[in-house]
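Undergrad: below is the sequence, then the predicted model.
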Number of protein chains: 2
Amino acid sequence: MLTVDVELKDRKYPISIGENLLDKIESFYPLKSGDRVMIVSNPTIAKYHLATVENTLSQLECIVDHVLIPDGEQYKTLDSLNLIFTTLLEKNHNRDTTIIALGGGVVGDIAGYAAASYQRGVRFIQIPTTLLAQVDSSVGGKTAVNHPLGKNMIGAFYQPISVIIDINTLNTLPKREISAGLAEVIKYGAIFDIQFFEWLEDHIDGLVSLESSLLAYCIERCCQLKSMVVAKDEKENGERALLNFGHTFGHAIEAHLGYGNWLHGEAVAVGMLEAAALSHLNGDITEKEVARLELLLARANLPTYSPDGMLSNEYLPYMKRDKKVLGSKLRFILLKSLGSAYIATNVSEDKVIQAISHFVE
Amino acid sequence: MLTVDVELKDRKYPISIGENLLDKIESFYPLKSGDRVMIVSNPTIAKYHLATVENTLSQLECIVDHVLIPDGEQYKTLDSLNLIFTTLLEKNHNRDTTIIALGGGVVGDIAGYAAASYQRGVRFIQIPTTLLAQVDSSVGGKTAVNHPLGKNMIGAFYQPISVIIDINTLNTLPKREISAGLAEVIKYGAIFDIQFFEWLEDHIDGLVSLESSLLAYCIERCCQLKSMVVAKDEKENGERALLNFGHTFGHAIEAHLGYGNWLHGEAVAVGMLEAAALSHLNGDITEKEVARLELLLARANLPTYSPDGMLSNEYLPYMKRDKKVLGSKLRFILLKSLGSAYIATNVSEDKVIQAISHFVE
């Protein structure tokens, strides 16, 4: 088992990475006999893993309830959040309860926000079951729900007490979601670590076919990179913003298509290409580097073109509403070179449209 | 103008107390020219004060929007919260916006929670316009909305950047709400400060008739007492719990009657008497001290009996659901003597019922 410790200002928490962790009571430390637990999951994930987790927690003599929210980004809403609150109250859960998120990013985001908000904050444990959630949304304490007018507009910064990453959960994940997770993996290489980017170029096929040792290293490296950034910048005032590489474009794609049509990672893949093209137009990254990024994304079976019928000028209205816009100015994460990103605030709208146009079929 | 500085772990913020503060641009520091502001209020308060605040902020060259939520505790809901989010998004407010709560406790709690949650946190200024909010809910960073199954069950600890208490706002407040505020004022004396309790016994009539200099001192003293406690215990793990004196009983009354029928302060007044009687049964406070508390509450025109038809044994089911219950054990704030409170965790249900029965007509 690998462990990454995430250092926060006033405490730290462990991310455990390994096989069959959900079967072991040690994985659930610091839960102990008599503790009340509310597992938040969705029907798809519950089918595979809920019984396992409930069984292990019963061995630990915890008192376990669960609540299932509908599967899909379109259910990342205040209504799903309220379903969790109602269940907690109906079962008389108090301030000393622990909420466990068992699922992908949507479950993690809603359950985390529920933990942040229920009685103004209860303990929270994450069990991310998608590659995307394992490398991204389970680290850093961002929780949220969507609003019809914008993604992740309502939420909190709230840190878990532990994260349990059981690699075996990836075996039941659709191939398309593995690829979506690889988009965020590739992002880490692109913005922070050229060596890791090159390692990915060497091992992308093994990752696509779920070789355990490659996955474990890959997840560990991503968690390390993200936790280093989060430790420095918990509230996203500075360096953490670099993690949004590709996301301003990606969110526009998701908002345009309606949440839940493209996977988040798929939208981010195209968004990263558009941001990379914008970097090139801005005089930074070379055309050859943009092509390397495009090839790696394609080998991970990710889309490399704007969705059918979404034109270059259709991105901007969404971008202007995005919360990464600061004081009405468009703000982008661009690449100086592969492995090195920066924040650009003075980019013309024309260049943005021009960059996108390379990826409109 | 009086100022109380509230010391937090990593920063401090000022509470300004005085007359005609809403007319002065200095009151709104640190807002400055070009800042975007969303005022949250309700129609009742807006009628008296919204134009004044908007006018002063316009002089400061802020860009001001407002949203009104329906007046009343029954509207302290996720729906009202969502109305604020929708307005913020429709008007393209970004992370750098400031939410101003202009109103009583309900407006402050919802607007504060909106500020905590919108884009995971934006700046927040409180302008409490009721005595209750001025001495209580504007200090300490507790924000929340209600759930049909429990009061204040969904929320966050979120601190304002400043609190502006304009005593003139009390002139348009119904007498009943002045009394409700005095319930919390009397609470501070009862749990923390026998000298202040005696000062209240000497000046309660002047406070009821809104003498400015008495009000200013009284509000200052309450804010000092509360801010001292909050500074020591921001997240309510210890001493801050003492502020809940009378509230476990009071919340049961409010839940039984349906939110919005009795005012919060009215329910707390009776709750304090019940908690005081329980303290006496527990061997602490004398009968004479209970009578002094009862007399002071009565002179402030507050109820001193359980609501018509609410029997002693009807309190417990609500209490068991209250979030101040810890690990299924009933927990009460009791009085050692007037001016000195403590947390009791081993109180029998029989004694609780017996204490309540003194105040059932």
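TA: That came through, no problem.
Undergrad: low-confidence stretches in the stretch 51-200 of chain A?
TA: Judged by pLDDT under 70, the stretch 51-200 of chain A has no weakly predicted residues.
Undergrad: tell me where it has helices.
TA: A:78-90, A:105-117, A:131-132, A:175-192, A:194-208 (DSSP state H, counting those that start in this stretch).
Undergrad: out of those, nearest to B:Asp71?
TA: Among these, the nearest to B:Asp71 by C-beta to C-beta is helix A:78-90 (22.2 Å). For the C-beta atoms, the positions are set from N, CA and C on the backbone; glycine is no exception.
Undergrad: angle of that closest one against helix A:105-117?
TA: Direction vectors for helix A:78-90 and helix A:105-117, defined by axes from the mean of the first three to the mean of the last three C-alpha atoms, to 10 degrees, enclose an angle of 50 degrees.
Undergrad: picking that back up, so which of the helices of the stretch 51-200 of chain A gets nearest chain B?
TA: Taking C-beta to the nearest C-beta, helix A:78-90 is the member of the helices of the stretch 51-200 of chain A nearest to chain B, at 3.9 Å.
Undergrad: domains in chain A, as residue ranges please.
TA: A:2-172, A:175-358 (the TED database).
Undergrad: mind putting those domains in a markdown table, mean neighbour count included?
TA: A markdown table is the format used below for the domains of chain A (neighbours: other C-beta atoms under 10 Å in any protein chain shown):
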| stretch | mean neighbour count |
| --- | --- |
| domain A:2-172 | 21 |
| domain A:175-358 | 19 |
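Undergrad: out of those domains, flag the one nearest B:Ser137.
TA: When the domains of chain A are ranked by distance to B:Ser137, counting by C-beta to C-beta, first place goes to domain A:2-172 at 13.6 Å.
Undergrad: please export the C-alpha coordinates of the helix or strand hosting A:Pro14 as CSV.
TA: A:Pro14 is part of strand A:12-18 when elements are defined by DSSP states H and E. Included here for strand A:12-18 are C-alpha records, laid out as CSV according to Å, rounded to 0.1, in the frame of the first residue of the first chain:
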residue,chain,number,x,y,z
LYS,A,12,-2.8,16.5,7.9
TYR,A,13,-4.7,13.5,6.5
PRO,A,14,-3.6,10.3,4.7
ILE,A,15,-4.5,9.1,1.2
SER,A,16,-4.1,5.3,1.1
ILE,A,17,-3.6,3.7,-2.3
GLY,A,18,-3.7,0.0,-2.9
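Undergrad: what residues does the stretch 151-300 of chain A have near chain B?
TA: Contacts of the stretch 151-300 of chain A with chain B, taken as C-beta under 8 Å from any C-beta of the partner chain, map to A:153-157, A:235.
Undergrad: excluding sequence neighbours, find me the nearest residue to the most centrally placed residue in chain A.
TA: Computing the C-alpha centroid of chain A and ranking residues by C-alpha atoms, centre = their mean puts A:Ser137 first, at 3.1 Å. Closest residue to A:Ser137 apart from its sequence neighbours, by C-beta to C-beta, 6 or more residues apart in numbering or on different chains: A:Gly105 at 4.0 Å.
Undergrad: now that neighbour: how far from B:Trp199?
TA: Distance of A:Gly105 to B:Trp199, computed by C-beta to C-beta, to the nearest Å: 56 Å.
Undergrad: could you do A:Ser279 as well?
TA: Taken as C-beta to C-beta, the span from A:Ser279 to B:Trp199 is 67 Å.
Undergrad: before we move on, what about A:Ala275?
TA: Look at A:Ala275 and B:Trp199: by C-beta to C-beta, they are 64 Å apart.
Undergrad: distance-wise, check the residue lying closest to A:Leu149 once chain neighbours are set aside relative to A:Asn152.
TA: Spatial nearest neighbour of A:Leu149, chain neighbours left out: B:Leu89 (3.9 Å); criterion: C-beta to C-beta, 6+ apart. In this structure, B:Leu89 lies at 12 Å from A:Asn152, with C-beta to C-beta as the measure.
Undergrad: quick check: what element follows the helix or strand A:Lys288 falls within along the chain?
TA: Using DSSP H and E, A:Lys288 sits in helix A:287-299. Scanning the chain past helix A:287-299 towards its C-terminal end, the next helix or strand to appear is helix A:316-321 (assignment: DSSP H and E).
Undergrad: and that following helix, how far out from the chain's middle?
TA: 21 Å (C-alpha atoms, centre = their mean, to the nearest Å).
Undergrad: is chain B within reach of the following helix or strand past that helix?
TA: Counting by DSSP H and E, the element after helix A:316-321 in chain order, helix or strand, is strand A:332-337. No: Strand A:332-337 stays clear of chain B (C-beta under 8 Å from any C-beta), getting no nearer than 15.3 Å.
Undergrad: state the mean pLDDT of strand A:332-337.
TA: Looking at strand A:332-337 alone, the average pLDDT works out to 96.
Undergrad: show me the contacts for the residue nearest to A:Phe245 when sequence neighbours are not counted.
TA: Counting by C-beta to C-beta, 6+ apart, the nearest residue to A:Phe245 once its immediate chain neighbours are dropped is A:Ile333, at 4.2 Å. Counting by C-beta atoms under 8 Å, 6 or more residues apart in numbering or on different chains, A:Ile333 touches A:191, A:241-242, A:244-248, A:275, A:341-344.
Undergrad: check the offset of the helix ranked longest in chain A from the chain's centre.
TA: Across chain A, the longest stretch assigned as helix under DSSP state H is helix A:212-232. Taking C-alpha atoms, centre = their mean, one finds helix A:212-232 lying 13 Å from the centre of the chain it belongs to.
Undergrad: what angle sits between it and helix A:194-208?
TA: Helix A:212-232 and helix A:194-208 are oriented at 140 degrees to each other (the same axes, to 10 degrees).
Undergrad: relative orientation of helix A:212-232 and strand A:12-18 in degrees?
TA: Using the same axes, to 10 degrees, helix A:212-232 lies at 170 degrees relative to strand A:12-18.
Undergrad: just checking, what packs against helix A:212-232?
TA: Applying 3 or more C-beta pairs under 8 Å, 6 or more residues apart in numbering or on different chains; DSSP states H and E, we find helix A:212-232 packed against strand A:2-7, strand A:12-18, helix A:175-192, helix A:194-208.
Undergrad: so what strands line up beside the second one?
TA: Neighbouring strands of strand A:12-18 in its sheet, by DSSP bridges, are strand A:2-7 (antiparallel), strand A:162-166 (parallel).
Undergrad: would JSON lines of the ones you listed with distance to B:Glu266 be doable?
TA: Written out in JSON lines, the entries for those read as follows (distance: least, C-beta to C-beta, whole Å):
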{"stretch": "strand A:2-7", "distance to B:Glu266": "47"}
{"stretch": "strand A:162-166", "distance to B:Glu266": "45"}
